[in-house]
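Novice: next comes the sequence, and after it the predicted model I'd like to discuss.
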Amino acid sequence: MSASATHTVYEQLRASLLAGLYQPEERLKISELGSAFSVSTGAIREALARLTAEGLVIAMPQRGFRVAPVSVDDLRDLTDMRIEIETKCLRRAIANGDLAWETSVVAAHHRMAATPIAAADGSFSPPWSVAHDNFHAALAQACGSAWMMRVRALLFAHNERYLDLARKADGGHRDVAREHRELLEAALARDADSAAALMTAHLCRTRDTIEAALLATAAMSGPR
């Protein structure tokens, strides 16, 4: 078993989890994953161990692994932490960022704006999701703290598990393009207070939409 094989499986499985290809709390059977990825069960176990450390997978003693659950409480907690970190990173980036930072933010926004947002099934298209991730990372990049960027990236990844619910729940009627454009303009204008307020509102809108979808799903699947 090579380290490169384990890393490749980890990256592919992580991407599948974030894209929602595995359902929350779904059992992850090592033998089936080994066949699907054409690697040894040892590589699968190591990849799942890394994903467990990130909180994307839950290890069950003597019972294997399952996908981490989603919940309204987790979503609220996650959003609160994202607001704390994203706004702090953004304020520091606006204070520290140079011309290279401005250029990277503009380029990331242009790429995102030029990428179709919706996939055929109404969810976010994978290319747009990547461009969206890159735009938010570019905004924070000049914060000057490697640890803050690591924490920000982990929180953003966990939010990806919820994000398709937002798209499917609002039917694409939310003007996400305007929200991102306003964030860009405030950052370039070096208006830290406005940028932080816009980021907070942006994240709260996403939380509220997803929360409504989770509650609606719970109501439909509850006792009849």
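Specialist: Perfect, I can see it now. Residues are numbered from 1 along each chain as shown.
Novice: got any ranges where the protein has weak pLDDT?
Specialist: Along the chain, the model assigns pLDDT under 70 to residues 1-3, 164-172, 218-224.
Novice: domain ranges for it?
Specialist: With domains defined by automatic domain parsing, the chain comprises 3-67, 72-221.
Novice: okay if I get those domains as CSV plus mean neighbour count?
Specialist: C-beta: built from backbone N, CA, C; applies to glycine. Below are the domains of the chain laid out as CSV (neighbours: other CB atoms under 10 Å):
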stretch, mean neighbour count
domain 3-67, 16
domain 72-221, 17
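Novice: quick one: residue 206 from residue 95, how far?
Specialist: Residue 206 sits 26 Å away from residue 95, going by CB to CB, to the nearest Å.
Novice: err, residue 49, not the other one
Specialist: Counting by CB to CB - residue 49 and residue 95 are separated by 39 Å.
Novice: residue 162 too?
Specialist: Distance, residue 162 to residue 95, using CB to CB: 30 Å.
Novice: ditto for residue 157
Specialist: The gap separating residue 157 from residue 95 is 26 Å, by CB to CB.
Novice: before we move on, what about residue 17?
Specialist: Look at residue 17 and residue 95: by CB to CB, they are 35 Å apart.
Novice: which parts of this structure are strands?
Specialist: Per DSSP state E, the chain carries strands over the ranges 27-28, 57-60, 64-67.
Novice: tabulate the ones you listed (a markdown table), appending distance to residue 144.
Specialist: Formatted as a markdown table, the strands of the chain follow (distance: least, CB to CB, whole Å):
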| stretch | distance to residue 144 |
| --- | --- |
| strand 27-28 | 38 |
| strand 57-60 | 32 |
| strand 64-67 | 35 |
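Novice: of the ones you listed, which approaches residue 115 most closely?
Specialist: Nearest to residue 115 among these is strand 64-67; the distance by CB to CB comes to 27.4 Å.
Novice: alpha carbons only: can I get that closest one in PDB?
Specialist: Only the C-alpha atoms of strand 64-67 are listed here, as PDB (Å, rounded to 0.1, in the frame of the first residue of the first chain):
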ATOM      1  CA  GLY A  64     -16.900   0.300  11.100                       C
ATOM      2  CA  PHE A  65     -17.500   3.800   9.800                       C
ATOM      3  CA  ARG A  66     -20.400   6.000   8.800                       C
ATOM      4  CA  VAL A  67     -20.900   9.400   7.300                       C
END
